[in-house]
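*Asks:* Show me how the following folds:
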Amino acid sequence: MKSIVSAPDGKSFLFPFILITSLFLMWGLAHGLLDVLNKHFQEAFTMSKAQSGLVQFSTYIAYGLMSIPAGLFMRRFGYKKGIISGLMLYAVGAFAFLPAAWFSSATPFLVALFVVACGLCMLETAANPYSTRLGPAESAARRINLSQSFNGLGWVLGPLIGGQLILGAAEGNDLALATPYLILGSATLLIAILFAFIRLPEMKEAGGDDDKAGVAAHPIWKYRHFVLAVIAQFLYCAAQTGIFSFFINYVMELDASINKILASRLLAFGGMGLFMIGRLSGSFIMAKFAPHKLLLFYATMCAALMAIVIMQLGQVSLYALYLSFFFMSIMFPTIFALGLARMGAHTKKASSFIVMGVAGGAFAPMLMGYIGEQSMAVGFVVPLLCFLYIAFFGAKGYKM
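*Replies:* As a prediction, this is how the structure comes out:
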C-alpha cells in the first residue's frame, strides 16, 4: 500500500490519500440514494418510468454544465480550494431538502439535487486526478480504483439508508425525503472544516511527451485516446445510471413476490455489494493485468449479461443483473486513468472534460424508462450498446 502512495523522493502521501478517499465515500452515498428516489418519485408524485428519470437528469446534467467551470476553477485556485467549494455546494443542496419537503411537488427536490450534483462535480473533478497523482504514475489506475472502492461502499449504504428512511416511511411523508440528506449535509460540513485546516500538497502538472525542451503541448483535442475516453465515460455513466435506476423496477416486474423494500435491499447487498467487491479487487487485479485488458474483458462480460437480462430468464436473469454490477465496478476509474495518461499540462482540463462525460447519466434513465414503460427488460438494450463501445475502447481506443 505504501509503495503506491509515495513520491519519487520517498515522501509518503498516505494521509492526503486517506482524506481524498473519504470524498469518494461521500459522493457514493449521494449517488446511491438516487436509485431509491427514482422508485419513490414514481409513486409519491405519480410519475411514469420515463418521468422519474428526471431524478437522474437533474443530477447528471449538472456534470455537463459544471465540469468545465470546475476545471477552470481548479486550474486557477488549485485542488484544495476546489474540494472545499465542492463540499460547501454539496452541503447547501443537502440542507435544501428540508424546505423542499414543505411543497407537494417534485420540482423543489429536483432543484436541490441539482445543487448537490454541482458540488459532486467539483469534488470529482478535483479528487479523481488528485488520487492519480498521489504516487508513482505506473500505479495511478490501481490507486484510483482503491479510492473508488470506498465510493462503492457509499453505493451500498445509499440504498440501505434510502430504503429504510424513504421507502419505509409512511405514505405522504415528504419530510422523510429530507432526513438522509440532512445527515449527509452535516457530515459534509465537518469534512469541509477538516480540509480547511489540513495542509495538502498541491499537485503541479508534469509535462507530457510534448512538453520537453520548452516545446508547447498539442491542443487537448489532438489526443485521440483522451477524446475516445470522454465518449467512453459518457456511455459508461449512461449504462451504469440506467441499470442502477431501474434495478428496483426490473426485479419487481421479474418476481411479483418482491416488494420495494426488499428490492432496495437486493440492490444494496446483491448489486452494490458486488460493485464494491469489484472495486476492491480491481485495484489488486491490476497489479497482474494491464488496465485496458481488464476493461475489455469486463465490458464484454457486461454486454453478454445485459443480453441475458433482456431475455427475462427468471432467476438466471436476476443473477446476471447482479453480476453486471461486479463487472461495471472498475470501468469509471479505469477509463478516467487511461484517458488522463500522459496528458501532462492538460491534466486538470482533461479531467474536467472526462468528468463532463458523467452527463451521460442524465439521458439514459429517461430513454430506458420510455423504451421499457411496458416491460422494463427491453430498456436494458441501452446499456448493452454502451458496453460494446467500452469494449472497443479497452481493445483499441485507449492507445495514444
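
*Asks:* chain center to stretch 160-167: distance?
*Replies:* Distance of stretch 160-167 from its chain centroid, counting by C-alpha atoms, centre = their mean, to the nearest Å, is 20 Å.

*Asks:* Please list the outside residues in contact with it.
*Replies:* 29, 32-33, 35-37, 39-40, 176-177, 179-180, 260-261, 264-265, 267-268 (C-beta atoms under 8 Å, 6 or more residues apart in numbering). (Glycine included, C-beta is placed from N, CA and C.)

*Asks:* Which ones among those residues lie within helices?
*Replies:* In helices, judged by DSSP state H, the following of the contacts of stretch 160-167 are found: 29, 32-33, 35-37, 39-40, 176-177, 179-180, 260-261, 264-265.

*Asks:* ChimeraX command to pick out the buried ones of those?
*Replies:* To isolate the buried members of those in ChimeraX, using 16 or more other C-beta atoms under 10 Å:
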select :29,32,33,35,36,37,39,40,176,177,179,180,260,264
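
*Asks:* quick check, nearest of the ones in helices among the contacts of stretch 160-167 to I83?
*Replies:* Distance to I83, by C-beta to C-beta, is smallest for L29 among the ones in helices among the contacts of stretch 160-167, at 16.6 Å.

*Asks:* Setting aside sequence neighbours, what's the nearest residue to that closest one?
*Replies:* Using C-beta to C-beta, 6 or more residues apart in numbering and skipping the chain neighbours, the partner closest in space to L29 is G154 (4.1 Å).

*Asks:* what's the answer for E373, then?
*Replies:* Per C-beta to C-beta, 6+ apart, closest to E373 is K49, 5.5 Å.

*Asks:* Tell me how many other residues crowd S257.
*Replies:* Neighbourhood size, S257 [other C-beta atoms under 10 Å]: 6.

*Asks:* Now do the SS call for it.
*Replies:* coil (DSSP: H, G, I helix; E, B strand; the rest coil).

*Asks:* Ok, S104 next?
*Replies:* Under the three-state scheme (three-state DSSP), S104 adopts coil.

*Asks:* since we're on it, how many residues are nearby?
*Replies:* Other residues close to S104 by other C-beta under 10 Å number 10.

*Asks:* tell me the phi and psi of it?
*Replies:* phi -90, psi 60 (degrees, to the nearest 10).

*Asks:* ditto for S12
*Replies:* For S12, the backbone dihedrals (degrees, to the nearest 10) come out as phi -90, psi 140.

*Asks:* and it, what are its bridge partners?
*Replies:* For S12, the beta-bridge partners under DSSP bridges are S6.

*Asks:* And it, how far from L189?
*Replies:* 28 Å (C-beta to C-beta, to the nearest Å).

*Asks:* Looking at these two, which one has more neighbours?
*Replies:* Legend: neighbour count by other C-beta under 10 Å for S12 and L189, higher for L189 (17 against 14).

*Asks:* Touching, the more buried one and A91? I think so.
*Replies:* Yes. Counting by C-beta atoms under 8 Å, A91 is a contact partner of L189 at 4.9 Å.

*Asks:* you'd agree A232 is in a helix?
*Replies:* Yes. A232: assigned to a helix according to three-state DSSP.

*Asks:* what's near enough to touch the spatially closest residue to it that is not a sequence neighbour?
*Replies:* Of all residues beyond its chain neighbours, the one nearest A232 is F393 (4.2 Å), with distances taken as C-beta to C-beta, 6+ apart. By C-beta under 8 Å, 6+ apart, F393 lies in contact with 228-229, 231-232, 295, 299, 335, 338.

*Asks:* Out of the residues you listed, which is nearest to Y319?
*Replies:* Using C-beta to C-beta, the contacts of F393 come closest to Y319 at A299, 19.1 Å.

*Asks:* neighbours around the closest one, how many?
*Replies:* A299 has 30 neighbours, counted by other C-beta under 10 Å.

*Asks:* what residues are up against it?
*Replies:* Taking C-beta under 8 Å, 6+ apart as the test, what A299 contacts is 327, 331, 387-388, 390-391, 393-394.

*Asks:* sorry, back to before: and the contacts of F393, which of them are in strands?
*Replies:* Assignment to strands by DSSP state E places none of these there.

*Asks:* burial measure for Q315, as a count.
*Replies:* Residues near Q315, counting by other C-beta under 10 Å: 9.
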